[in-house]
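Asker: Take this sequence and fold it.
(one chain, ligands or ions: 2)
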Amino acid sequence: MEPTLEVQVVRLDPEVPLPSYARPGDAGADLVTTVDLRLAPGERALAPTGLALALPEGYVALVHPRSGLAVRHGLSIVNTPGTVDAGYRGEVKVLLINTDRAETIELSRGDRVAQLVIQRVEHARFTETDSLPESVRGAGGYGSTGGFAGA
Ligand SMILES: O=c1ccn([C@H]2C[C@H](O)[C@@H](COP(=O)(O)OP(=O)(O)OP(=O)(O)O)O2)c(=O)[nH]1
Ligand SMILES: [Mg+2]
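Answerer: Numbering: from 1, shown residues only. Ligands and ions are numbered 1, 2, ... in the order given. Sure, this is the predicted structure:
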């Protein structure tokens, strides 16, 4: 897939590669940690990525976990997906958490720990009203449609 958006990146750590898509058509560009990390079960840590971005207005970068590390080691992200605002110029960081009950996770500088998904966003004009238009769902939620096969 040809890139359709230019995003300026500053490498705060000159050894860190620019974010890159591992395969054509991938939604997420991988991010690395610039520090070694040791996460005990249940422990969290803010991993620096060595990158700062200037997203164009009207876009957001979402910091998603990588499923391989999640399934193999239980590595996740506390605030998944993390939100990188278009106006943010600081270092992008990843709030990692070890969800495994027993095993410590060891990560090395340069390991790919998350992926950045860039999306367009709308800014809503929130207009107050006394009543909302009817819908089929109405106020039903939280399992209101039943289990599988609609049971
Ligand atoms: O996973 C993340 C989440 C956030 N950020 C940075 C970019 C984002 O623009 C800023 C603020 O994030 P957020 O709005 O989620 O945090 P907040 O707790 O609402 O802080 P603030 O009051 O600064 O908005 O922190 C990251 O680098 N990684
Ligand atoms: Mg905020």
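Asker: Taking the centroid of the protein, which residue is nearest it?
Answerer: What sits nearest the mean C-alpha location of the chain, by Cα atoms, centre = their mean, is Val63, with 1.7 Å.
Asker: Quick check: closest non-adjacent residue to that residue.
Answerer: Across the structure, with Cβ to Cβ, 6 or more residues apart in numbering as the measure, the residue nearest Val63 apart from its sequence neighbours is Gly82 (3.3 Å). C-beta here means a position set from N, CA and C on the backbone, and glycine is covered the same way.
Asker: Can you pull the phi/psi pair for the one you found?
Answerer: When quoted as degrees, to the nearest 10, the phi and psi of Gly82 stand at phi -70, psi 150.
Asker: Quick check: the gap between the residue in the chain that ligand 1 sits nearest to and Ala139.
Answerer: Shortest the chain-to-ligand 1 distance, computed as Cβ to the nearest ligand atom: residue-wise this is Gly82, at 2.0 Å. When distance is defined by Cβ to Cβ, to the nearest Å, Gly82 is 30 Å away from Ala139.
Asker: Please apply the same query to Thr34.
Answerer: Thr34 sits 47 Å away from Ala139, going by Cβ to Cβ.
Asker: what do you get for Glu103?
Answerer: Using Cβ to Cβ, Glu103 is found at 43 Å from Ala139.
Asker: So stretch 47-65, near ligand 1 or not?
Answerer: Yes - if you take Cβ under 6 Å from any ligand atom as the test, stretch 47-65 does meet ligand 1, through Val63.
Asker: most residues in a single strand of the protein, which one?
Answerer: strand 44-54 (DSSP state E).
Asker: That strand - contacts with which helices or strands?
Answerer: Contacting strand 44-54 under the criterion 3 or more Cβ pairs under 8 Å, 6 or more residues apart in numbering; DSSP states H and E are the following elements: strand 8-11, strand 28-32, strand 37-39, strand 91-98, strand 112-120.
Asker: Adding distance to Gly68, write those out as TSV.
Answerer: Listed next are these as TSV, based on distance: least, Cβ to Cβ, whole Å:
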stretch	distance to Gly68
strand 8-11	24
strand 28-32	11
strand 37-39	16
strand 91-98	14
strand 112-120	9
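Asker: got TSV for these, with mean pLDDT, mean neighbour count and distance to ligand 1 too?
Answerer: Written out in TSV, the entries for these read as follows (pLDDT from 0 to 100; neighbours: other Cβ atoms under 10 Å; distance: least, Cβ to the nearest ligand atom, whole Å):
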stretch	mean pLDDT	mean neighbour count	distance to ligand 1
strand 8-11	98	12	13
strand 28-32	97	21	10
strand 37-39	98	17	15
strand 91-98	98	20	4
strand 112-120	98	19	8
